[in-house]
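Trainee: no sequence on hand, only this structure:
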């Protein structure tokens, strides 16, 4: 699957874990196909800041998806107990 499509899907599913600015920038970049220059003009930050926000947002989405997948895998094999579930939920907000 194309990286752009994958990130657009992850943004739709897990977008709420991102900061509002990261979510907006990723949406402009992946769903509206705006360039870094266009986004920087719209948002009022430098192109480098836009790029940094995109990279951090992508990484956050991929890390969260990996954690969610590991959680699903653990529950299906019976290897996840209540302590693990509580730890995963409490760590959700610590993803950066």
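Mentor: Here it is on my side, so go on. Note that this is a predicted model, so its numbers are computed, not measured. Residues are numbered from 1 along each chain as shown.
Trainee: low pLDDT regions in this protein?
Mentor: Within the chain, the stretches with pLDDT under 70 are 1, 72-96.
Trainee: centre-most residue in it?
Mentor: residue 61 (2.3 Å; Cα atoms, centre = their mean).
Trainee: could you check the helix or strand hosting it and say which residues are buried?
Mentor: Following DSSP states H and E, one finds residue 61 within helix 47-77. Neighbour counts over helix 47-77 (16 or more other Cβ atoms under 10 Å) mark 49-50, 53-54, 56-58, 60-61, 64 as buried. C-beta here means a position set from N, CA and C on the backbone, and glycine is covered the same way.
Trainee: how much space between residue 48 and residue 13?
Mentor: Using Cβ to Cβ, to the nearest Å, we find residue 48 at a distance of 28 Å from residue 13.
Trainee: over to residue 65?
Mentor: In terms of Cβ to Cβ, residue 65 sits 8 Å off from residue 13.
Trainee: one more: residue 45?
Mentor: For residue 45 relative to residue 13 (Cβ to Cβ), the value is 26 Å.
Trainee: contacting residues for residue 34?
Mentor: Contact analysis of residue 34 by Cβ atoms under 8 Å, 6 or more residues apart in numbering lists 28, 42.
Trainee: can you classify it as helix, strand or coil?
Mentor: Following DSSP: H, G, I helix; E, B strand; the rest coil, residue 34 is assigned to coil.
Trainee: for it, phi and psi?
Mentor: Note on residue 34: backbone dihedrals following degrees, to the nearest 10 are phi -80, psi 150.
Trainee: with adjacent residues omitted, what lies nearest to residue 7?
Mentor: Spatial nearest neighbour of residue 7, excluding adjacent residues (Cβ to Cβ, 6 or more residues apart in numbering): residue 30 at 5.4 Å.
Trainee: with adjacent residues omitted, what lies nearest to residue 21?
Mentor: Counting by Cβ to Cβ, 6+ apart, residue 21 lies nearest to residue 53, which is 6.5 Å off, once chain neighbours are set aside.
Trainee: how about the contacts made by the one you found?
Mentor: Listed by Cβ under 8 Å, 6+ apart, the contact partners of residue 53 are 21-22, 25-26, 45.
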